[in-house]
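> no FASTA, just this:
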């Protein structure tokens, strides 16, 4: 086949490409930063222009961005000449904020959203548990308090800084 | 197989109908943060129902889609329990309904994580993380209102009167639950303990035995469900196949 060679592809090239796809709700984070790309399967040798499967998992079951993300993956892959890319959804093991990259956490903070704490502190069913200590992404103060454990999207809680008084989103541990 | 389809639909309908009910609060919550909280819970529940409907579609393999299951079935075909279709009432009633149901979903999903059906187990594992938030949040509200002012306490007592009669059904096995050996007896013990503990902290009385309404799991609903479906299904009924 004439163009078979040009369609040989290294997995790292696909990962690099997926790093360009942003979460539609948090446009500083790529889907790789978020940890929702679980696996890339490449058949060897790739038959025709297919043979590539990208496995993704939702952050929350109701995440409205999943269909957009799947479409974006197909569009990006098409730019490499892969027109028949399969995007598969898996839900087990369940997504956790532990899968967010350090790079992603840094970018979140710069954007003004407090990144998930490295270790879960209050993700249990204890009632009226102490607020999780979260650093203000604006003034770096630790004097903050939780306003609501549900925020502007399913993955965030709402906090306010007691020093600079700014409210901010916290990407809650999950 | 037909029991598994029915059970999957039952789980999906529970989540969809409560999600739809909670979404009626959108723009009407007592304060902005709680409005956002209850609609977030709606989103989680509707997300869970989507996963379950998608699985039911796979099992049925008869051309149904997740949309046709949600938008084109009639009341008699819905298998949700009666509790989730009850009206929002005031905030106390919505909170108590959420608490009673989240307690149930919490122990049920914990149990279903170990199910031999891998898809059901995966959906349960994923949903459990979300339900843990719902349970904690609604428990805190039951305590806050029950052990709050005279007004909030009275409202919580009225809510118990309104809703308690719909809790018995959760633990009475439908034919599909019997066939799938769903252990509702152990769930009931765990649910009882949880509800008792929270009600005690809320200084609310754990209700005496009352006559329990049943039928939802088999498709015999209270008059509420028809109204919910007429809202939920209106667009697809009037403009079949519409998308936006």
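Looks like it arrived, so ask away. Computed from a predicted structure; not experimentally measured.

> Quick check: residues of chain B near chain A?
B:33-34, B:36-37, B:40-41, B:43-48, B:50-51, B:106, B:118, B:121-123, B:125-127, B:129-130, B:132-133, B:135-137, B:139-140, B:143, B:198, B:201 (C-beta under 8 Å from any C-beta of the partner chain). (Glycine included, C-beta is placed from N, CA and C.)

> among those, which are in strands?
Per DSSP state E, strands hold no members of the residues of chain B next to chain A.

> For ChimeraX, write the select line for the buried members of those.
Under the burial definition 16 or more other C-beta atoms under 10 Å in any protein chain shown, those of those that qualify are selected in ChimeraX by:
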select /B:33,34,36,37,40,41,43,44,45,46,47,48,50,51,106,121,122,123,125,126,127,129,130,132,133,135,136,137,139,140,143,198,201
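
> Quick one: name whatever helix or strand follows the helix or strand containing residue B:193.
Taking DSSP states H and E as the definition, residue B:193 sits inside helix B:184-201. Using DSSP H and E, the helix or strand that follows helix B:184-201 towards the C-terminus is helix B:224-238.

> so how far is that next one off the chain centroid?
18 Å (C-alpha atoms, centre = their mean, to the nearest Å).

> for it, packing partners?
The contact analysis (3 or more C-beta pairs under 8 Å, 6 or more residues apart in numbering or on different chains; DSSP states H and E) places helix B:224-238 against helix B:2-23, helix B:66-71, helix B:82-85.

> Give the residue spans of chain A that score low on pLDDT.
Along chain A, segments meeting pLDDT under 70 span A:1-8, A:45-50, A:119-125.

> before we move on, the earlier item: which of the helices and strands packed on helix B:224-238 is buried the deepest?
helix B:82-85 (a mean of 26; mean count of other C-beta atoms under 10 Å in any protein chain shown).

> what sits against the residue of chain A found nearest chain B?
Nearest to chain B in chain A, going by C-beta to the nearest C-beta, is residue A:62, at a distance of 2.6 Å. Contact analysis of residue A:62 by C-beta atoms under 8 Å, 6 or more residues apart in numbering or on different chains lists A:154, B:43, B:44, B:45, B:46, B:47, B:48, B:50.

> Would you check which pair of the residues you listed lies furthest apart?
Maximum pairwise distance in those, criterion C-beta to C-beta, is 13.4 Å, between A:154 and B:50.

> Excluding sequence neighbours, find me the nearest residue to residue 100.
Unless you meant another one, I'm taking chain A. residue A:35 (5.2 Å; C-beta to C-beta, 6 or more residues apart in numbering or on different chains).

> Chain B, not that one
Going by C-beta to C-beta, 6+ apart, residue B:100 has residue B:167 as its nearest residue, at 5.7 Å.

> Please name the residues that touch that neighbour.
B:83, B:100, B:212.

> mind running it again at 10 Å?
Residues counted as contacts of residue B:167 (C-beta atoms under 10 Å, 6 or more residues apart in numbering or on different chains) are B:81-83, B:97, B:100-101, B:103-104, B:160, B:188, B:191-192, B:195, B:207, B:210, B:212-213.

> re the thing from before, between the helices and strands packed on helix B:224-238, which one is closest to residue B:177.
Taking the helices and strands packed on helix B:224-238 one by one with C-beta to C-beta, helix B:2-23 is closest: 6.5 Å.

> so what does the closest one touch, helix or strand wise?
helix B:32-60, helix B:66-71, helix B:82-85, helix B:91-112, helix B:118-146, helix B:175-179, helix B:224-238 (3 or more C-beta pairs under 10 Å, 6 or more residues apart in numbering or on different chains; DSSP states H and E).

> Just the mean pLDDT for that helix, thanks.
The average pLDDT within helix B:2-23 is 98.

> on that earlier part again, got the contact list for the helix holding residue B:193?
Residues outside helix B:184-201 that contact it (C-beta under 10 Å, 6+ apart): A:125, A:127-128, B:96, B:99-100, B:102-104, B:106-108, B:110-111, B:135, B:138-140, B:142-143, B:146-147, B:156, B:160, B:167-168, B:170-174, B:177-178, B:204-207.

> out of those residues, which are buried?
Buried subset of the contacts of helix B:184-201 (neighbour count, 16+ other C-beta under 10 Å): B:96, B:99-100, B:102-104, B:106-108, B:110-111, B:135, B:138-140, B:142-143, B:146, B:156, B:160, B:167-168, B:170-171, B:174, B:177, B:204.

> Run through chain B and note the low-pLDDT ranges.
For chain B, no range has pLDDT under 70.

> What residue in it comes nearest to chain A?
Closest contact between chain B and chain A, by C-beta to the nearest C-beta, is at residue B:47 (2.6 Å).

> In contact with that residue, which residues?
Residues near residue B:47 by C-beta under 10 Å, 6+ apart: A:58, A:60-64, A:66, A:154, B:15, B:19, B:126-127, B:130.

> Identify the residues contacting the residue nearest in space to the middle of chain A.
Centroid-nearest residue in chain A, with C-alpha atoms, centre = their mean: residue A:34, separated by 2.1 Å. Residues in contact with residue A:34, defined by C-beta under 10 Å, 6+ apart, are A:22-23, A:26, A:56-57, A:59, A:65, A:69, A:95, A:97, A:99-101, A:104, A:108, A:155, A:171.

> go again using 7 Å as the cut-off
By C-beta atoms under 7 Å, 6 or more residues apart in numbering or on different chains, the contact set of residue A:34 is A:23, A:59, A:100, A:104.

> Am I right that residue A:163 falls within a strand?
No - assigned with DSSP: H, G, I helix; E, B strand; the rest coil, residue A:163 falls outside any strand and is coil.

> Helix, strand, or coil at the closest residue to it other than its chain neighbours?
With sequence-adjacent residues excluded and distances taken as C-beta to C-beta, 6+ apart, residue A:163 is closest to residue A:141, at 4.0 Å. At residue A:141 the chain is in coil, as set by three-state DSSP.

> can you pull out the strands in chain A?
Using DSSP E, strands in chain A cover A:37-42, A:52-56, A:85-89, A:113-114, A:144-148, A:156-161, A:167-171.

> What is the fourth one packed up against?
Under the contact criterion of 3 or more C-beta pairs under 7 Å, 6 or more residues apart in numbering or on different chains; DSSP states H and E, strand A:113-114 touches strand A:167-171.

> Would you mark the buried spots in the strand it packs on?
Of all the residues in strand A:167-171, those buried under the rule 16+ other C-beta under 10 Å are A:168, A:169, A:170, A:171.

> Repeat that for stretch B:210-227.
Buried, per 16+ other C-beta under 10 Å, within stretch B:210-227: B:213, B:214, B:216, B:217, B:219, B:221, B:222, B:224, B:225.
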